[in-house]
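**Student:** below is the structure, and that's it, no one-letter string:
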């Protein structure tokens, strides 16, 4: 039966080429969104894995305001807290490029930013900075050059670029400027006893929620953010954007299946004649349906496999050229990153089920109508 199905498809290969190509491209669009969403969520979890479990911030009028250093002494009395670390960071608008960059004190990265041995060896004295690849690109500057930064007041500071942050950390560091804590305080206009927020590490991961509640009860004016909430925000962000493209791909796939249904419903005389001859030769209805199931499975499997391969190449080797602007968003300083190949088996199964099963059903019903028709009527036209 399989041999006959292959020979039958080989005789009609010219008609099937266009069908398989359109089918594969439709699957590739849908699969690209699935692969991108899976990979970006995986990479976000990996990048954020080393961050502290809790962040403590103070809000005023719905905006972030500096904390006082004496808060650290107040929180050390809470059991279960492993360490406390005050961070200094803020934003700088570069009027020359129209981009917004993030300034971070060198002692505030907290291991959340992977650094190569070359970066670790740099002694970041006052007056020197590390920059991300985005700033180097838009300003056309490199190691050894100087950068002028204007603070929130009227002061202007000159910094020499000590080195660039590694390209592999571009997902986090593309818009980053790392400087000495003393310089960060001056540029961001922080007093000696002020910090931007507070990073909290805990001994027992099971106690994260309880410690967060204790901090909220002791200081109702503070906002406590858990790392799990940050990861969930990233997943939700890329989840709804990915859903837009997946729904678009799904609608395109459904439209293609409707087209396949209409095409199959209008069996050509050659196809009906083939079924009539098979019935006249003694084939039963079940055998005719089995033949069409095998043919439909072969076509849909080849097209789906080709579509998955195209989606894999598109996302992980062509940098998601067609869907990345929709998935990653837009900004003056566009985020540049490359995804590590990662696909869940459940995603492959999901794509295969949505692609293969409906096509087989779409081609099976017309075949059944022809199979139950008297072969004499079919042969006589």
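**Tutor:** Great, that's in hand. A quick note: this is a predicted structure, and the numbers were derived from the prediction, not measured. Numbers count the residues shown, from 1 in each chain.
**Student:** so who does the closest residue to residue 304 other than its chain neighbours touch?
**Tutor:** In space, and not counting its chain neighbours, residue 304 is closest to residue 355: 4.5 Å by C-beta to C-beta, 6 or more residues apart in numbering. Where C-beta positions appear, they are placed from N, C-alpha and C, glycine not excepted. Applying C-beta atoms under 8 Å, 6 or more residues apart in numbering to residue 355 gives the contacts 23, 27, 30, 253, 300, 303-304, 307.
**Student:** distance of residue 355 from residue 310?
**Tutor:** According to C-beta to C-beta, to the nearest Å, residue 355 and residue 310 sit 13 Å apart.
**Student:** show me where the stretch 151-300 of the chain has strands.
**Tutor:** If DSSP state E, counting those that start in this stretch is used as the criterion, the strands of the stretch 151-300 of the chain fall at 156-164, 176-179, 194-195, 197-202, 222-226.
**Student:** so for residue 1, which of those sits nearest?
**Tutor:** Nearest to residue 1 among these is strand 222-226 (58.1 Å), distances taken as C-beta to C-beta.
**Student:** need the contact partners of the closest one.
**Tutor:** 53-59, 208-209, 212, 215-216.
**Student:** which of the residues you listed count as buried?
**Tutor:** 53-58, 208, 212, 215 (16 or more other C-beta atoms under 10 Å).
**Student:** with distance to residue 295 as extra columns, can I get the contacts of strand 222-226 in CSV?
**Tutor:** Shown next, in CSV, are the contacts of strand 222-226 (distance: C-beta to C-beta, whole Å):
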residue, distance to residue 295
53, 56
54, 59
55, 58
56, 64
57, 62
58, 67
59, 64
208, 56
209, 56
212, 59
215, 65
216, 63
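**Student:** so which of those belong to helices?
**Tutor:** Using DSSP state H, the members of the contacts of strand 222-226 that fall in helices are 208-209, 212, 215-216.
**Student:** part of a helix, is residue 46?
**Tutor:** Yes: read with DSSP: H, G, I helix; E, B strand; the rest coil, residue 46 is one of the residues of a helix.
**Student:** pLDDT at it, what is it?
**Tutor:** Looking at residue 46, its pLDDT is 76.
**Student:** now the one 5 residues further on
**Tutor:** Reading off the per-residue confidence, residue 51 sits at a pLDDT of 81.
**Student:** Three-state assignment for it, please.
**Tutor:** At residue 51 the chain is in coil, as set by three-state DSSP.
**Student:** neighbours of it, how many?
**Tutor:** 17 (other C-beta atoms under 10 Å).
**Student:** backbone phi and psi for it, please?
**Tutor:** Dihedral pair for residue 51: phi -70, psi 150, per degrees, to the nearest 10.
**Student:** relative to residue 228, how far out is it?
**Tutor:** With C-beta to C-beta as the criterion, residue 51 and residue 228 are 11 Å apart.
**Student:** swap in residue 181?
**Tutor:** From residue 181 to residue 228 the distance is 29 Å (C-beta to C-beta).
**Student:** and residue 101, by the same measure?
**Tutor:** Going from residue 101 to residue 228 by C-beta to C-beta gives 28 Å.
**Student:** okay, the two: which has more neighbours?
**Tutor:** With neighbours defined as other C-beta under 10 Å, residue 101 and residue 228 compare such that residue 101 has more, 22 against 14.
**Student:** can you tell me who that one pairs with across the strands?
**Tutor:** residue 92 (DSSP bridges).
**Student:** ok, it - contacts?
**Tutor:** Here residue 101 is in contact with 91-94, 132, 134-135, 175-177, 333 (criterion: C-beta under 8 Å, 6+ apart).
**Student:** show me just the buried residues among those.
**Tutor:** Counted by 16+ other C-beta under 10 Å, the contacts of residue 101 give 92, 94, 132, 134-135, 175-177, 333 as buried.
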